[in-house]
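> Predicted model and sequence follow; I will ask about them next.
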Amino acid sequence: MVLIRNLWSLHVWDHRERIARLIFLGYVALFPGSILSVAFGLVPPESRWFGGVLLMFQGVSLIAWLWNAIGRASLIPTAIIFVGSFAVEYIGATTDFPFGPYDYTAVLGYRVAGIVPMVIMFAWVMATYGAWMVASLLPFAQQHVTRGILTGAIVALFDLQIEPVAVHIHGYWEWHASGLYYGVPAVNFLGWFVVGTIFSWCIDRPLRFAKDAGASRLPLLAIGGSCVMFLVMNGVAGHWAAMLLSVFSVGALVWIWRAADRHL
């Protein structure tokens, strides 16, 4: 309900972000049905790809969100995330660096160069923009370096929620090494932290311009919606540690949103 109420407060129809918000409303429209399908075990194996559709809605809405705020200047950070995430994922899947040994399956659909699913680049946009927005609202992360490190930490926390869902529920990718956290090697989370930090440092300036220009907190809603979805998925599957991380994340996001409102 918090997600819906905050989205409603964004005044979709009378705002310059209406295109971005309408795209995000497509995600919101699919959200309840997706939650119920997961909760009641109604997702057949052949429909596991649908999670990629939700990620596409989120990623495209945030690309439009940044374009609405700063126009053509938004092409630079978007290109950085797209090219950078493809490069790091391609290198990762072919050399085992920096995430460890893994391979993508065919579940998420078309794979660029036969290796990296296209939807993964949109997922990196959502995760990076969302994590940056969260970090930018915290009073102790107002310096460029600090904000980047915190963004990387939030991206890594996000992946801690993703992995049990992506690997054990949907089979989006497969690990060829073991680890204590649901069989995922620890180096993977270190890799997400480092990559997320570097991405944040690279796109920090245009995102600050967007925020200063009056851009909304749509990225926070996007990453928050994913955390709610992972909470349900991991809870249904009995992945209790991952579920508790999602509970913490959702609670923290709500608190950060409300604290930011109080300081407006």
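Alright, I've got the coordinates. All values reported here derive from a predicted model rather than from experimental measurement.
> Give me the three-state assignment for the residue nearest to residue 105 when sequence neighbours are not counted.
Excluding the flanking residues, the one nearest residue 105 by C-beta to C-beta, 6 or more residues apart in numbering is residue 171, at 5.5 Å. Where you see a C-beta, it was placed from the backbone N, CA and C, and this is true even at glycine. Here residue 171 is coil, with the state taken from DSSP: H, G, I helix; E, B strand; the rest coil.
> so where do the helices sit in the chain?
Remark: helices assigned in the chain by DSSP state H are 2-8, 18-39, 50-70, 75-95, 118-136, 144-163, 186-212, 218-237, 240-262.
> got the buried residues for the second one?
Looking back up the chat, that one is helix 18-39. 18-21, 23-28, 31, 34-35, 38 (16 or more other C-beta atoms under 10 Å).
> Now do the same contact list for the residue nearest to residue 105.
48, 105, 107 (C-beta atoms under 8 Å, 6 or more residues apart in numbering).
> Residue 220 is in contact with residue 24, correct?
No. Counting by C-beta atoms under 8 Å, residue 24 stays clear of residue 220, with 11.6 Å between them.
> thinking again about what came up before, could you dump the buried residues of helix 18-39 to JSON lines with pLDDT and distance to residue 64?
Listed next are those as JSON lines, based on pLDDT from 0 to 100; distance: C-beta to C-beta, whole Å:
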{"residue": "18", "pLDDT": "87", "distance to residue 64": "10"}
{"residue": "19", "pLDDT": "90", "distance to residue 64": "5"}
{"residue": "20", "pLDDT": "94", "distance to residue 64": "4"}
{"residue": "21", "pLDDT": "91", "distance to residue 64": "9"}
{"residue": "23", "pLDDT": "94", "distance to residue 64": "6"}
{"residue": "24", "pLDDT": "93", "distance to residue 64": "9"}
{"residue": "25", "pLDDT": "91", "distance to residue 64": "12"}
{"residue": "26", "pLDDT": "91", "distance to residue 64": "11"}
{"residue": "27", "pLDDT": "92", "distance to residue 64": "12"}
{"residue": "28", "pLDDT": "90", "distance to residue 64": "15"}
{"residue": "31", "pLDDT": "88", "distance to residue 64": "18"}
{"residue": "34", "pLDDT": "84", "distance to residue 64": "21"}
{"residue": "35", "pLDDT": "80", "distance to residue 64": "24"}
{"residue": "38", "pLDDT": "72", "distance to residue 64": "27"}
